[in-house]
Structure formats: C-alpha cells, structure tokens
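In: A structural model of the following input is requested.
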Amino acid sequence: MSAQKSPPSSVLTAIAGLFSFSVIAGLLVTALVAPAIAVTGVAASSSIGLFDSLPEYIEVGHQAERNTLYAHSTAPGNVNGYVPIATIYDQNRQEVSYDDISIYAREAAIDGEDRRFFEHGGIDVPSLVRAGLSRGQGGGASTLSMQLVKNIFVQQALEQPTEEARKRAYNEAVAATLDRKLKEMKLAIGLEKKYTKKEILTAYLNIAFFADNTYGIERAAQRYYSVSAKDLTLPQAASLIAIVQFPNSRGLDDPNNFGRNKARRDVILASMLDVGDITQKQYDDAVATPVDESTLKPSESTSGCIGANKYATWFCDFVVKNVKNFEFLGENEKERVANWKQGGYKVYTTLDMDIQVTAQQLVWKYVNNKETALHLGSAAVSVEPGTGRVLTMAVDKVFNDSGTGGGRGTGAVNYATSYQYGGSSGMQSGSTYKLFTLIDWLNHNKGLNARVSGDARVVDQSKFRDSCADGGGWGGPFNVHNDSSGEKGAWSVMNATAASVNGAFVSMALQLDLCDIRHVAESLGVERADGTHLQTNPSSVLGTNDVTPLSMAGAYAAIGAGGKFCPPIVIDNAVSPDGKDLDGQVSDCQQAIDPDVANTAAYALAGVLNNGTGARSNPHDGTPVVGKTGTTDAAIQTWIITTTRKVATAIWVGNTVGRVSLRQYRYNGIQGALLRHEMMRNLLLVIDRKYHGGAFPPPADALLSGSGLAVPDVRGLTPEAAKALLIGLGFDYKDGGSIDSPVEVGRVASTNPSAGSQSGTGAIITVYTSRGNQVPFPNVVGNGTDFTSGQAHAALNSAGFSDITDVCAVISDPTLPSDPRDGKVSASNPPPGKNVKLTVAITLTITQLTCP
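Out: Model prediction:
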C-alpha cells in the first residue's frame with residue numbers, strides 16, 4: 001500500500017494520534033502482560049481501570065437478515081407447493097457459512113484489512129504504532145476482530161426502539177475516543193477466546209455494511225454482481241472489500257464512487273499479491289478489470305411489499321401490518337416487532353397464487369385504476385370456510401408506499417381491510433348486510449315462508465326496538481325506498497331475500513331488536529373500518545355501516561361452514577432464523593350461529609344466485625354457490641359476496657371519493673354497477689376448478705314455516721272488526737282501499753297476505769273493502785246441452801247483464817243424424833262463478849254442425 005503525505009495542517013493531529021496510540025499500546029502491554037506493574041500518571045491509571053471494568057467478550061449473535069414470505073402455488077418453479085412472493089427487511093442481509101464465501105473474498109478481507117489476522121489474539125500492536133505514525137494509512141489500526149466488535153455495537157445501536165436512542169447509541173459506537181478504542185480491543189480479545197478465526201472472519205463478512213442498505217457479503221454479491229458470495233471473482237471480491245471502511249465514498253451504488261473504489265481495490269489486490277495469495281498474472285488481470293457499468297451487474301433491491309410479486313403486494317402489506325399479532329414471533333407485541341426486524345424468518349402464508357393471480361388480473365381488467373370520470377376503487381377477498389385462511393386479496397391500485405407515490409393508478413390504501421391495517425375508511429355494505437337480519441329472523445324461529453310487507457313507505461323510527469346501550473332513542477321518519485316500483489305488497493322472506501326488497505327487510509327488523517342484529521354481525525366478525533362499533537340506526541338494516549370486504553367475506557364464510565366463524569388468518573407456518581419449525585396462526589373458530597339457521601340462510605341465499613339479484617355472478621359450473629348482492633342508494637357502492645362450501649369471496653366496486661352513480665358509468669361497454677358480476681363469475685370458475693365444493697345441507701323444515709301465525713279470514717267483516725281481530729293477534733293493519741267485489745259494500749273483500757298464509761307477528765296485513773259492485777256470473781253452460789242461445793240470453797238478462805255476444809263453433813266430432821250439442825251454449829266468458837260487474841262484456845260460444 002502506498003503512503004500518502006499528510007498536509008501541513010495535520011502535523012499536530014498526527015503527533016497527537018501517535019501519542020494516543022502509544023498510550024494504548026502501553027496500556028495493552030500493562031493490562032495484558034504485566035497487570036501487577038504500577039502505572040504512573042493519572043490518565044494511565046484511569047484507562048487501566050476502564051479496561052479492567054469492561055466485559056470479557058461480546059456475543060457475535062444473529063445479525064439482522066431478510067424475512068421471506070411464501071405463497072401456495074402449483075405453477076412451474078414451485079418448491080414443495082410454495083413460491084416466494086416478497087422479502088422484507090430493515091437490513092438487506094443474508095448470512096452464509098464460511099464455505100459459502102469465495103476464497104477471494106476471505107483473502108481480500110484479511111490481506112486488505114488485517115494481514116496478521118491468523119497470528120494475533122485480537123489486537124495487533126505493531127499496526128497500532130504504524131497507524132499512529134501514518135494516521136491510519138496502510139493496513140489500519142483495527143483488526144478484523146476489532147472491526148467486528150465495532151459493527152456489533154453499530155447493529156445494536158440500529159436496533160434501539162427510538163430514533164433518539166438509535167442516534168445516541170450509534171454515535172457512541174463510532175466515536176473516535178480512547179475509551180471506545182479500548183473497549184473494542186478488550187472485546188476483540190474476548191472474541192478471540194470464545195470464537196475460532198473462521199467464525200470471526202465469517203461473522204465479519206456477514207455483518208459488514210456494503211452501502212445502499214446492503215449488509216453482508218452474500219447480499220453485496222447479489223446486489224452488485226447478481227451472483228452468490230461463493231461465486232465472486234477476484235476483482236469482484238476485492239471491489240466489495242474496498243467498500244467496507246468507507247461505504248459512502250466507495251460504494252458501488254453510485255458511479256461517482258467508481259474511481260475511489262478501484263483505487264482501494266487495487267491496493268487490496270497488491271496486498272494479496274504481496275503475501276502470495278494470488279499470482280502476478282491474477283493480479284495483472286484483476287487490476288486491468290475496470291470498475292464501471294461494464295463490470296457491474298446490479299440487481300435492484302426488492303425490500304418491502306413495493307418490491308413483492310406484483311400480484312401479491314396488497315396481501316404482503318396486510319401481513320406486514322399484522323406482525324405485532326403473530327404469536328410465533330414472541331410473547332408480546334414489542335418482542336414480535338423486534339424479532340421481525342431482526343429478520344431471518346421464512347413465513348409460509350395462506351395466499352393461494354393459483355387463484356390470487358386471477359383475482360388481481362380481474363380487478364385490473366374490469367376496474368380502471370386510472371379512471372378520471374370518478375374516483376373508482378375495487379377490492380376482492382377470498383376466505384376459506386372452516387379455517388379463516390385468507391386465500392386472495394386484490395385491490396385495483398398498483399401498490400406503492402414509497403411516500404412519493406407512483407402516479408395515477410397507484411396507492412397505498414388497502415380497500416380490502418380496515419383503517420388500522422390498510423388505511424381504508426371502509427364502504428357502505430348495502431344489502432349484503434341483510435344477511436344478519438335474516439339470521440336474526442331465523443334465530444327467533446321465524447320462517448322463510450312467512451310473508452311481510454315489502455312496500456316502500458315512511459316508517460316512524462320510534463317503532464324500532466334497540467336495546468344496545470349506545471343505540472335506541474330513534475325517532476323521526478324513515479323513508480324506505482325499494483330498488484324497483486314493482487317491489488310492493490306481501491313478500492315471503494325467501495323471495496324478498498332473492499329480490500333484495502328493502503321494504504320487506506324493514507318489516508322484518510320491526511319485529512326484531514336492532515341490537516340483536518348487530519350482535520349477529522359482530523359474532524361473524526363484521527367490523528367497521530374505523531374500528532368503532534357497528535351502528536344500530538334503523539337504516540343500518542339496509543347496509544349503511546362502513547365495513548371491510550375482508551370482514552364481510554369472513555362472515556359469509558361462516559355460512560359456508562355451517563355457522564362456524566373463523567377470524568381471518570394469513571400465516572400457515574414459519575421457520576425461524578435457526579431453522580426451527582414454528583406454528584403459524586391458529587384458527588380460532590367458534591360456532592357463532594346454529595347450523596340449522598346457517599343452512600336455512602344458505603337456502604335463502606341460493607335464490608339470490610339462481611334467479612335473484614346475483615344471478616349474473618353465477619358461473620353455473622356445477623358447484624353450488626350462495627350469496628348476496630349489495631347496492632347502496634344511487635349505486636354509489638356495489639357488492640357481491642358469495643360462498644361455496646370451500647371458498648367465500650367478497651367483491652366491492654365503488655366510489656372512493658364522491659357520489660357518482662355506477663349505473664351512469666360504463667367501462668368497456670359494461671355498466672359500472674354490473675362490473676362486480678363479471679369479476680365474480682370469472683373468479684368463481686377458477687376457484688371452483690381447484691376447490692370444488694359440495695352441496696349445502698338442506699334447510700330446517702321448522703325454519704321454513706317458522707312459528708308464524710295464519711292470517712285469519714276476515715272477509716265480510718267491517719273494517720273496524722277486522723282491524724281489532726288482526727291487531728289482537730299481533731299483526732299490523734293497513735287500509736288498502738276499496739276494490740271490485742261481490743261482498744256487501746263497505747265490508748272486507750280480501751287481504752294481502754291472503755287468509756290462511758303464514759306471517760310473523762308484526763307483519764302488515766293490508767285490508768281491502770268491497771265496493772259491492774260484483775256478482776257471481778251465472779252458469780249458462782251447464783253440461784253443454786242445457787241452454788240454447790235464447791235461454792242463455794234470457795237468464796242473463798234477468799240477472800241484469802245486457803252486453804252479450806254469440807260466436808259459433810263447429811262440433812268437431814258430431815253424432816249423426818242429430819247431436820244434442822247442436823245449437824247449445826258450450827262456453828262463456830266470463831266463466832261461470834267468476835265475480836264480475838253487470839256491465840261486463842259477455843261472449844257465449846254456440847256449438848253447431850255448421851257455422852254460417
């Protein structure tokens with residue numbers, strides 16, 4: 001190594017350095033060789049005391065490494081059914097063994113940094129003296145063991161919990177003080193006593209910093225040359241070792257450093273030649289190798305979820321934000337976060353790339369993440385019934401949490417999850433929330449065949465019961481709208497579910513407790529994205545809570561699992577840095593709802609996918625599927641949630657900001673409110689192909705009819721008497737006005753629901769009174785041989801009918817020579833017995849052998 005002349009201004013500094021190192025050398029001889037010898041001078045005595053008080057050794061320990069996330073996959077390239085999807089680290093390091101490091105790198109480190117490494121016991125006194133004379137030129141004063149101690153202290157500093165503590169500890173670790181140097185020396189001696197030379201050299205090469213957040217020789221080799229440490233060539237190895245003392249000025253991440261790196265590299269190569277580790281030809285060839293873009297083959301850093309597999313970035317982000325919950329990482333949140341930061345874990349997640357790729361592709365295909373007409377967003381999540389394992393998580397934006405962002409179409413808000421785990425404020429659930437009213441209805445032994453009023457109407461909110469401590473006290477009008485003007489009158493709960501009739505579910509909720517409905521939703525894991533309690537206002541029945549797709553998918557998964565709810569989990573298992581198998585997250589399942597209730601609810605939800613509002617989402621691929629749609633007012637938010645016996649999936653498409661109706665928006669020729677169905681149908685094809693899914697258990701017979709009451713027959717009663725009877729039985733009364741009827745004018749002509757049908761208590765019975773303007777149409781047909789045209793006319797005229805027309809019909813199979821049907825009435829319109837007005841137009845059919 002060539003010496004460099006010190007500038008005149010540094011002469012005093014050099015003298016001071018010489019004195020300091022001379023003092024250190026003297027202290028070491030005194031402390032290590034003749035500790036009983038008295039040392040004169042206060043400074044020397046104080047330093048000896050400090051030296052003696054230091055610990056004997058420092059643990060090399062496990063250095064911070066990369067965590068690797070894996071997902072399930074059957075695609076080519078998988079290893080035992082898994083593929084890596086992300087590497088997460090604070091420091092880009094991968095520890096390797098001594099034998100996995102190129103001999104060139106090992107020799108370059110020794111020859112360039114510590115020639116007498118295999119001879120000294122941790123400190124090199126001649127080097128200390130030389131460093132004092134040359135101010136750190138040449139081989140330097142610090143041995144590899146001392147540098148390892150320093151790097152360990154730096155690592156410990158970086159692991160401090162706060163920025164202030166990290167900065168303070170780092171400054172102490174690198175401070176150019178006599179005390180710090182003494183500490184390094186004492187601990188270096190301890191290292192040499194505890195570890196072999198190979199272990200120390202390996203630890204040094206694994207801990208060293210190589211610029212650009214790259215630590216350790218293995219990651220440095222991959223970062224700058226895209227090779228493993230064991231495959232480094234001579235010039236590559238020397239260039240990497242050239243970085244370690246001055247990474248900011250010699251790092252290969254900056255072209256401005258190439259010249260300084262080459263200068264130091266060539267010094268190291270000269271040292272290797274000087275000690276005989278390389279030949280002259282090897283030296284000449286290596287020195288002739290430039291340090292520039294032509295010899296570098298850098299691989300970009302892939303740290304964090306922004307560098308993850310492009311189809312798995314959102315799931316990756318959710319996993320990372322859940323680290324504090326992973327019990328396999330430690331006893332408490334602080335320990336878990338610290339262990340994760342230390343790294344080295346292989347984490348095998350629940351994500352299934354076989355369907356995740358399709359889910360993400362479909363979201364990108366049908367939802368334009370660069371849309372300018374509105375602020376559009378979408379998310380798709382799949383959960384496994386019976387385990388809670390999250391199989392897919394897709395969002396329309398391209399994940400970018402860099403802070404500076406990646407432009408339009410990118411983002412870091414995970415619409416699939418809550419604010420705590422993704423920054424989302426959630427979306428109104430629309431009619432997908434009706435499932436919880438349906439379940440509570442069945443919980444109270446009310447049947448699917450019970451009929452309730454589906455009318456759009458204004459309801460007094462004080463009529464709703466809400467026993468929740470933070471609810472109740474509702475008042476004022478609740479204007480209930482239906483999606484279609486045809487959704488009126490009495491509906492069975494079964495049909496109302498398939499058609500998603502708002503009025504019917506409000507009628508159901510009036511017979512229930514809003515607090516109970518909330519408890520049902522909460523028992524199935526439904527959450528508001530902001531972390532507050534689900535609201536119980538009357539309109540919540542129709543889906544006004546801002547919820548998350550993940551929690552809704554989990555709730556519907558419970559229907560697929562016969563009422564068993566399993567909180568979503570994302571980790572199957574893991575492997576610790578030292579190779580130990582670790583349990584992942586355990587499915588903490590509970591029987592949240594009775595299996596009979598769950599199976600009967602599934603029976604109702606099947607109608608949604610078969611012939612109801614969700615029929616467009618059904619792929620009809622042979623796998624039974626049930627579910628529910630959700631569309632908020634003006635189609636601001638749209639949902640479809642399905643479940644088979646194997647996989648539950650929630651898809652949301654809607655406004656992230658603003659209130660643009662998706663029914664007024666089209667993308668690629670498809671109405672915006674229908675995009676969810678295109679996505680779901682195509683995703684189910686892929687899901688079902690892999691997971692299949694059998695038939696749902698049949699509904700409980702008792703929950704089809706329920707404990708409802710038969711509507712009494714009040715025909716012929718006065719309206720007052722009918723009202724008293726109905727209210728006395730627990731029904732609500734509604735005046736439907738008057739209709740044409742043969743019943744005495746002013747009395748009850750009919751009801752809806754009709755007499756004898758099953759309806760729940762509190763159901764609205766619409767009562768219609770008679771106008772008294774109808775009579776039963778007389779029977780002028782008989783057996784087809786009883787009435788001639790004249791006789792029929794006479795009978796009808798006498799009954800008050802006058803608008804009569806005859807038509808001729810030829811007898812197709814006459815009896816000759818005479819047929820008793822010839823000239824007789826064979827049919828009438830209206831038919832005999834039908835209630836009609838006297839002004840009705842009548843047609844009589846007269847059969848004849850021949851017609852004019």
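In: what segments of the stretch 651-800 of the chain are helices?
Out: Counting by DSSP state H, counting those that start in this stretch, the stretch 651-800 of the chain has helices at residues 675-691, 701-705, 719-728, 789-799.
In: the closest residue to Ala529 other than its chain neighbours: how many residues sit nearby?
Out: The shortest distance from Ala529 to any non-neighbouring residue, by CB to CB, 6 or more residues apart in numbering, is to Gly426 (2.7 Å). Glycine gets a C-beta too; all of them are placed from N, C-alpha and C. For Gly426, the count of nearby residues is 22 (other CB atoms under 10 Å).
In: number of residues surrounding Asp530?
Out: Number of residues near Asp530 (other CB under 10 Å) recorded here: 12.
In: just Leu158 next, same as before
Out: As a burial measure, Leu158 scores 15 neighbours (other CB under 10 Å).
In: any idea how far Arg528 is from it?
Out: 38 Å (CB to CB, to the nearest Å).
In: okay, the residue nearest to Ala529 and Gly473: tell me how far apart.
Out: 25 Å.
In: how about Ala338?
Out: 48 Å.
In: more crowded one of these two?
Out: The residue with more neighbours, out of Ala338 and Gly473, is Ala338; 14 against 7, by other CB under 10 Å.
In: in contact with the more buried one, which residues?
Out: Contact analysis of Ala338 by CB atoms under 8 Å, 6 or more residues apart in numbering lists Glu159, Gly330.
In: contacts for stretch 112-123, please.
Out: 28, 110, 124, 126-127, 139-140, 142-147, 185, 188-192, 197, 201, 238, 241-242, 244-245, 267-268, 271-272, 275.
In: show the buried residues in the residues you listed.
Out: 28, 110, 124, 127, 139-140, 142-147, 185, 188-192, 201, 238, 241-242, 244-245, 267-268, 271-272 (16 or more other CB atoms under 10 Å).
In: residues touching Leu153, list them.
Out: You called it Leu, but residue 153 is Phe. Shown in contact with Phe153 (CB under 8 Å, 6+ apart): Ala169, Glu172, Ala173.
In: please identify which helix or strand holds it.
Out: helix 144-158 (DSSP states H and E).
In: please save the CA atoms from that helix in PDB.
Out: The C-alpha trace of helix 144-158 is given here as PDB (Å, rounded to 0.1, in the frame of the first residue of the first chain):
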ATOM      1  CA  LEU A 144     -10.900  -7.700  11.800                       C
ATOM      2  CA  SER A 145     -11.900  -8.700  15.300                       C
ATOM      3  CA  MET A 146     -12.000  -5.100  16.500                       C
ATOM      4  CA  GLN A 147     -14.000  -4.100  13.400                       C
ATOM      5  CA  LEU A 148     -16.400  -6.900  14.100                       C
ATOM      6  CA  VAL A 149     -16.800  -5.600  17.700                       C
ATOM      7  CA  LYS A 150     -17.500  -2.100  16.300                       C
ATOM      8  CA  ASN A 151     -20.000  -3.400  13.800                       C
ATOM      9  CA  ILE A 152     -21.800  -5.400  16.500                       C
ATOM     10  CA  PHE A 153     -22.200  -2.200  18.500                       C
ATOM     11  CA  VAL A 154     -23.400  -0.400  15.400                       C
ATOM     12  CA  GLN A 155     -26.000  -3.200  14.900                       C
ATOM     13  CA  GLN A 156     -27.100  -2.900  18.500                       C
ATOM     14  CA  ALA A 157     -27.500   0.800  18.000                       C
ATOM     15  CA  LEU A 158     -29.700   0.400  15.000                       C
END
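In: right, and the helix or strand after that helix?
Out: helix 163-174.
In: other residues contacting that next one?
Out: Lys150, Phe153, Val154, Gln156, Ala157, Leu158, Glu159, Gln160, Arg180.
In: closest one of the residues you listed to Ala496?
Out: Nearest to Ala496 among the contacts of helix 163-174 is Glu159, at 59.6 Å by CB to CB.
In: and Asn545, how far from Thr532?
Out: 10 Å.
In: the more surrounded of the two?
Out: Asn545 (23 against 11).
In: Arg168: neighbour count?
Out: 13.
In: for Ala203, same thing?
Out: Around Ala203 there are 23 residues (other CB under 10 Å).
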